[in-house]
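Trainee: Quick one, fold the following:
(one chain, ligands or ions: 1)
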Amino acid sequence: MTPAGHRIAAVSLFAGLSGLAIWLRLLYQQLSVAQQATANLVPLVIGAIGMALALWFHRSRVVLALLVLLGAYGLPLVFLPDNGVSAAVLFSGVALLVPLNLAVLAFLPERGLWTGSGIARAAFLLVQAGFLAWATVHPQGRLGELLQSPWLFSGSSQAGGLAPVVLGIYALAAVALLAVWVLRNSPLDGGFLGALVATAPPLAWGGEAGMTVAFWGLAVLVLSTALVQESYRLAFMDELTGLPGRRALEEQLQRMGAGFVIAMVDVDHFKNFNDTFGHDIGDHVLRMVAGKLRSVGGGGRAYRYGGEEFTVLFPNRTLEEAAETMDRVREEIAGSGFRLRGVDRPESPKKGAKKRGKGQGQGGRVQVTVSAGLAERTGDRMRPQEVIKAADELLYRAKKKGRNRVCR
Ligand SMILES: Nc1nc2c(ncn2[C@@H]2O[C@H](COP(=O)(O)OP(=O)(O)OP(=O)(O)O)[C@@H](O)[C@H]2O)c(=O)[nH]1
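Mentor: Residues are numbered from 1 along each chain as shown. You can find the predicted model right below:
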């Protein structure tokens, strides 16, 4: 599935789960008081499991985001004041701090929980909780009054809507998170976005119990699921190019049907490229080649095999069909050129040309070419590893024949 396909699937799942949460909210209203008390624990249980996973995977941002969600959920449960004004302060503070903290944590870089900055972040959350508790007990204080101002408090009655400042934070954070989710393709960004969106309805409904249980449960579930997805992605995806990595290829090969073709692709003279222009530019080249291979077409799926070597897998395609597709993409890569920007340029074009060998273009442009070897699964070459080996030998032949070609 393409990254866009993953996002569409995630949004559809979220929409389905939101529908389920609305239904659970209605169901909650039919429960007895004792049953409601049990149901109230569900978000805490899901959150605790999520937090254990986040600690295990060393994802401090998720640990802290779950702390925010569980704190905001649990605080009123255990500390619900009888005094109406204090409840208003507590509600207003939660409505302000939850989206604010989720948005900040979504954008902060990942740091270990037990490092200086991890502890500082956790301490900052505790300080916020302390101030909020203080303001709740002293609603006539300056902070309490501020939290009850019309800009920050929309009324704790049902369906009071979000206060203007809170609505603004939600809108800005949602747009920014949507943008990073699309740009970075990380399920965790999607998880933060989903958790943020899920917390809005209960706050807009003035903290109605059924709504809070159902949608807070959804928020912690979405974030915890995204964490698992992110770990899966890190294990199977190549971070540099965004292509699935070798582990994903090996898993896919185990599930292959009878006929398939494997293309092993290698960037030509890549070592010289690195030596001449620097490792960063080398990385850019790998990303450019990966981008072309990702949209190879012809039923092919690209993987980063390792280093400057890629694999394209063609299920249910003949050798001729796959070779035609690979020759087209090879030509496309050779024709696209690569624009050099900034760092690590050779001191002179002459020097770059000399070092890189053939293919040095003019005016900051260099030619990038690839060679490929293609092999098909046949009766005497049944195992995927044998097909890869044969494709590798043909790749070697393509290199020997002068590179920038496809051999089969
Ligand atoms: N920038 C960058 N370089 C990498 C990466 N992985 C491997 N390399 C480099 O890729 C180069 C591979 O070079 P070689 O295997 O000698 O082959 P080549 O220079 O491409 O030459 P031919 O394959 O014979 O055309 C080495 O210099 C590695 O350091 C990476 O992720 N980024």
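
Trainee: Can you tell me how far residue 125 is from residue 181?
Mentor: 24 Å (Cβ to Cβ, to the nearest Å). C-beta here means a position set from N, CA and C on the backbone, and glycine is covered the same way.

Trainee: Looking at the two, which is more packed in?
Mentor: For residue 125 versus residue 181, neighbours defined as other Cβ atoms under 10 Å are more numerous around residue 181 (23 against 17).

Trainee: what sits against the more buried one?
Mentor: Residues near residue 181 by Cβ atoms under 8 Å, 6 or more residues apart in numbering: 7, 189-190, 193.

Trainee: now these in a markdown table, with secondary structure?
Mentor: Shown next, in a markdown table, are the contacts of residue 181 (DSSP: H, G, I helix; E, B strand; the rest coil):
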| residue | secondary structure |
| --- | --- |
| 7 | helix |
| 189 | helix |
| 190 | helix |
| 193 | helix |
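
Trainee: PyMOL command to pick out the buried ones of the residues you listed?
Mentor: To isolate the buried members of these in PyMOL, using 16 or more other Cβ atoms under 10 Å:
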select buried, resi 7+189+190+193
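
Trainee: if we take the contacts of residue 181, which one ends up nearest to the ligand?
Mentor: residue 189 (23.8 Å; Cβ to the nearest ligand atom).

Trainee: any idea which element the nearest residue to that closest one once chain neighbours are set aside lies in?
Mentor: Spatial nearest neighbour of residue 189, chain neighbours left out: residue 181 (4.0 Å); criterion: Cβ to Cβ, 6 or more residues apart in numbering. Using DSSP states H and E, residue 181 maps to helix 164-184.

Trainee: Report the mean per-residue pLDDT for that helix.
Mentor: The average pLDDT within helix 164-184 is 93.

Trainee: What count of nearby residues applies to residue 168?
Mentor: Neighbouring residues of residue 168 were enumerated by other Cβ under 10 Å; the total is 13.

Trainee: make that residue 289, sorry
Mentor: Neighbour tally, residue 289, other Cβ under 10 Å: 27.

Trainee: Repeat that for residue 5.
Mentor: Here the number of neighbours of residue 5 (other Cβ under 10 Å) works out to 9.

Trainee: Give the buried residues for the helix or strand it falls within.
Mentor: Using DSSP H and E, residue 5 sits in helix 3-30. Across helix 3-30, burial judged by 16+ other Cβ under 10 Å covers 7, 10, 14, 17-18, 21-22, 24-25, 28.

Trainee: Check stretch 37-52 too.
Mentor: Of all the residues in stretch 37-52, those buried under the rule 16+ other Cβ under 10 Å are 39-40, 42-44, 46-47, 50-51.

Trainee: List, out of those, those positioned next to the ligand.
Mentor: Restricting those to those touching the ligand (Cβ under 6 Å from any ligand atom) yields no residues.

Trainee: Check those residues and tell me the two furthest apart.
Mentor: Greatest spatial distance among those (Cβ to Cβ): 39 and 51, at 20.0 Å.

Trainee: Correct me if wrong: residue 327 contacts residue 407.
Mentor: No. Judged on Cβ atoms under 8 Å, residue 327 makes no contact with residue 407 at a distance of 10.5 Å.

Trainee: Show me which residues of this structure are close to the ligand?
Mentor: So the chain meets the ligand at 240, 266-272, 274, 279, 282-283, 286, 307-308, 399, 403 (Cβ under 6 Å from any ligand atom).

Trainee: Could you tell me which of these are located in helices?
Mentor: Within the residues of the chain next to the ligand, residues falling in helices by DSSP state H are 270-272, 274, 279, 282-283, 286, 399.

Trainee: Buried among those? Make that a PyMOL selection.
Mentor: This is the PyMOL syntax for the buried subset of those, where burial follows 16+ other Cβ under 10 Å:
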select buried, resi 270+272+274+282+286+399
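
Trainee: Dump the ones in helices among the residues of the chain next to the ligand to CSV, plus pLDDT and distance to residue 136.
Mentor: Below are these laid out as CSV (pLDDT from 0 to 100; distance: Cβ to Cβ, whole Å):
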residue, pLDDT, distance to residue 136
270, 93, 62
271, 92, 64
272, 88, 66
274, 89, 59
279, 92, 54
282, 92, 57
283, 94, 51
286, 96, 54
399, 96, 71
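
Trainee: Tell me who's in contact with the residue lying farthest from the centre of the chain.
Mentor: In the chain, the residue that sits farthest from the middle, by Cα atoms, centre = their mean, is residue 140; the gap is 43.6 Å. If a contact means Cβ under 8 Å, 6+ apart, then residue 140 has no contacts.

Trainee: in the protein, what spans have low per-residue confidence?
Mentor: Residues of the chain meeting the criterion pLDDT under 70: 1, 77-85, 156-160, 341-364.
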